[in-house]
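Q: I need the structure of the sequence given here:
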Amino acid sequence: MEQRPETPTVRERIPRSKSLIMPTIANPFVHRIKLSIWDKIRIAVMSVTIAPIRAILAVLFLFVDWLFCSLIVMGHRKSSTEQQQPYSGWRSLLRRFPVGFVYRALFFVMGFHRVDIRGTQAPPSEAPIAVAACHTSIFDGLLFYVMGYPTVIAKTGMKDYPLIGPLVDSLQPVYVSRTDPNSRLKTIQEIKRRCQPDSQWPQIVIFPEGTCTNGSCLITFKGGAFYPGVPVQPVAVQYKNDLDTFTWTWDGPGALKLLWLSLCNFSNKLQVTFLPIYTPSEEEIQDPKLFARNVRAVIANAIDKPVTDHTFEDCRLMMRAQEMGLPLEVGLVEFQKLLAKLGVKMDHLQERLKSYADIAKSGGYIGIEDLAKYLELPVSPALKEVFGLYDRDGSGKIDFREYVIGCSLLAQPANNDETLKLAFGMFGGDKNYIEPEDMCRIMNSAFGMADEESLKIFKQADVLNSGKVTYDEFKQYMQKKPEYAKLFTTYQRLVTLPETIEADFKNKLCTTASELDVERSQTELKTEGATSKTGEEKKRD
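A: Reported below is the predicted structural model:
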């Protein structure tokens, strides 16, 4: 007897898009420093000997640099209608020599005795923009000295920082605001203006990641450096100490702690690699995001790091998750990938995060008991099947990323008018409303729910307290908890599956019977033919 193949499990039947698999690096915004016994002894000794002297000298050089930079920017602030022009004359000389010397001395006393420079920096006429990665540290500013004081992209608020403000302002940065919706367009326009062929501006250095990471990968490059469509020079920035006291991330040691630990190193090692100029193709000029991905791949290959689709928006979600009492890493969803593949926007994610926080009670994750409690249902086969659809990695828990993908691919498509009308018909039959006994009957049949719990859900859906739930009320309630729609479609499939199998079996029996009848008729015809032929032969004889 031929053995029937086993029915595939739910997880095997659901195709997993490779574009939505978990990233290689789970969290590029976390950093931990593990100190050995030798490290602790070294830090203790340096903290009472060399580090305090370094700190005093660093403050002294920073103050001298501040004086020179304040002199440079004094009287050079443009009016609201005047376009900023590059420094010239004594301002340019003052920035290059006294300021440059003091700036290098500042980093020297902090332990950066030598910078390992590889490759050759391109002039602005050949590559108006340099894109640098990985952006990991408060010490990344040393790159500006290495590159001969280029212009930069900086947050608007940095010019108001004490001491640091005039230093940043002396670089004539393109200021960008994360709160101004028009800032992005203004920034791109100013970058394009400074990249004109006849421009006298120095090279523009941009950290396209837009935020600090732990350097384990390259996250999504923002498009500002690539919209002008001009040749760029990729620059790889790496810190080479065995103990990483430089990485400043959202979840890790603070800036002051990192500064002190770095002052306690005997020497701090920075490697800067200038890669060949990347000239965009016509396709890349038309598609800045493609341009950005390809340049990111060049730097990633040079430093042997993977790439992920995390962005600054992931950091915003991390902070929002923390405010809701969830672990920081809950907010990591690879925002750029979800936006590109599912069209999920930031405001939508923040709304989903609120719903997720209401459900997730198992250490920041959703267990099947949490989902059952949220939906006010017992754990049933239908609920287990729906839970399995959300739980993409089969871990037994649903994280926020899986929840967002599940809502986008499962709950929302199932929550359409056709499905809702079908579910409404399951409760009310041919009526235009659902009564309490209808709710109890279906909820008990589908999920084994007690009448008291079913009536509780009925009262939540009965907004008008009329004792009847209309289709509009039913639809409104289902939209508040879209997981129900998928539950009902799953239940309906489970209920109708035996009927479908029985119908298929009957069809096969009928088909087999018909085939047997045909074979029997053909056999009888052949037998009759053979008998007639034998009779004729006997007559001849």
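Q: Sketch out the low-pLDDT regions of the chain for me.
A: 1-25, 77-83, 410-419, 428-429, 446-447, 482-541 (pLDDT under 70).
Q: Just the strands from the stretch 151-300 of the chain, written as ranges.
A: 151-155, 174-176, 204-206, 232-239, 270-274 (DSSP state E, counting those that start in this stretch).
Q: Return the most buried member of those strands.
A: strand 204-206 (a mean of 25; mean count of other C-beta atoms under 10 Å). Just so you know, the C-beta spots here come from the backbone N, C-alpha and C atoms, and that holds for glycine as well.
Q: so what secondary structure elements neighbour it?
A: strand 129-133, strand 151-155 (3 or more C-beta pairs under 8 Å, 6 or more residues apart in numbering; DSSP states H and E).
Q: Show the contacting residues for the nearest residue to residue 398 once chain neighbours are set aside.
A: Leaving aside its sequence neighbours, residue 398 sits nearest to residue 366 (C-beta to C-beta, 6 or more residues apart in numbering; 4.0 Å). For residue 366, the contacting residues are 356, 359-360, 390, 397-399, 403, by C-beta atoms under 8 Å, 6 or more residues apart in numbering.
Q: of the helices and strands packed on strand 204-206, which approaches residue 303 most closely?
A: Among the helices and strands packed on strand 204-206, the nearest to residue 303 by C-beta to C-beta is strand 129-133 (8.3 Å).
Q: For the residue positioned nearest the centre of the chain, which residues are in contact?
A: Residue closest to the average C-alpha location in the chain (C-alpha atoms, centre = their mean): residue 334, at 1.0 Å. Going by C-beta under 8 Å, 6+ apart, residue 334 touches 23, 308-310, 314, 401.
Q: coming back round to it: can you tell me which of the strands of the stretch 151-300 of the chain comes nearest to residue 292?
A: strand 232-239 (9.7 Å).
Q: which helices and strands does that closest one pack with?
A: strand 129-133, strand 270-274, helix 288-303.
Q: Alpha carbons of it, in CSV - could you do that?
A: Output of strand 232-239 as CSV, limited to C-alpha atoms (Å, rounded to 0.1, in the frame of the first residue of the first chain):
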residue,chain,number,x,y,z
VAL,A,232,32.9,60.3,-3.8
GLN,A,233,35.9,59.0,-2.0
PRO,A,234,35.1,56.2,0.5
VAL,A,235,37.1,56.4,3.7
ALA,A,236,37.4,53.5,6.2
VAL,A,237,37.9,54.6,9.9
GLN,A,238,39.0,51.9,12.4
TYR,A,239,40.3,51.9,16.0
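Q: That one to strand 270-274, inter-axis angle?
A: 160 degrees (axes from the mean of the first three to the mean of the last three C-alpha atoms, to 10 degrees).
Q: Quick one: distance of strand 232-239 to the chain centre.
A: 23 Å (C-alpha atoms, centre = their mean, to the nearest Å).
Q: quick check: angle from it to helix 288-303?
A: 40 degrees.
Q: which residue ranges form the helices in the stretch 351-500 of the chain?
A: For the stretch 351-500 of the chain, the helices defined by DSSP state H, counting those that start in this stretch occupy 368-375, 381-390, 400-406, 412-414, 417-428, 436-447, 451-461, 471-480, 483-540.
Q: Residue 281: which of the strands of the stretch 151-300 of the chain is closest?
A: Nearest to residue 281 among the strands of the stretch 151-300 of the chain is strand 232-239 (13.0 Å), distances taken as C-beta to C-beta.
Q: Pick the one among the contacts of residue 366 closest to residue 205.
A: Nearest to residue 205, judged by C-beta to C-beta, of those is residue 399 at 36.6 Å.
Q: Is that closest one in contact with residue 367, as I believe?
A: No: applying C-beta atoms under 8 Å as the test, residue 399 and residue 367 come out as separate, 11.3 Å apart.
Q: neighbour count winner among the two?
A: residue 399 (24 against 18; other C-beta atoms under 10 Å).
Q: So what sits opposite the closest residue to that one other than its chain neighbours in the bridge?
A: Nearest residue to residue 399, sequence neighbours excluded (C-beta to C-beta, 6+ apart): residue 365, at 5.7 Å. Counting by DSSP bridges, residue 365 is bridged to residue 362.
Q: if you compare the helices and strands packed on strand 232-239, which one is most tucked away?
A: Of the helices and strands packed on strand 232-239, strand 129-133 is the most buried (mean count of other C-beta under 10 Å), at a mean of 24.
Q: Strand partners (parallel or antiparallel) of that strand?
A: strand 204-206 (parallel), strand 232-239 (parallel).
Q: Using TSV, lay out those strands together with distance to residue 265.
A: Output for the strands paired with strand 129-133, formatted as TSV (distance: least, C-beta to C-beta, whole Å):
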stretch	distance to residue 265
strand 204-206	25
strand 232-239	10
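Q: of all these, which lies closest to residue 107?
A: Comparing the strands paired with strand 129-133 by C-beta to C-beta, strand 232-239 comes nearest, at 12.7 Å.
Q: Distance check, residue 142 against residue 173.
A: Residue 142 sits 16 Å away from residue 173, going by C-beta to C-beta, to the nearest Å.
Q: re the thing from before, any chance of CSV for the strands of the stretch 151-300 of the chain, columns distance to residue 461?
A: Shown next, in CSV, are the strands of the stretch 151-300 of the chain (distance: least, C-beta to C-beta, whole Å):
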stretch, distance to residue 461
strand 151-155, 48
strand 174-176, 48
strand 204-206, 53
strand 232-239, 57
strand 270-274, 63
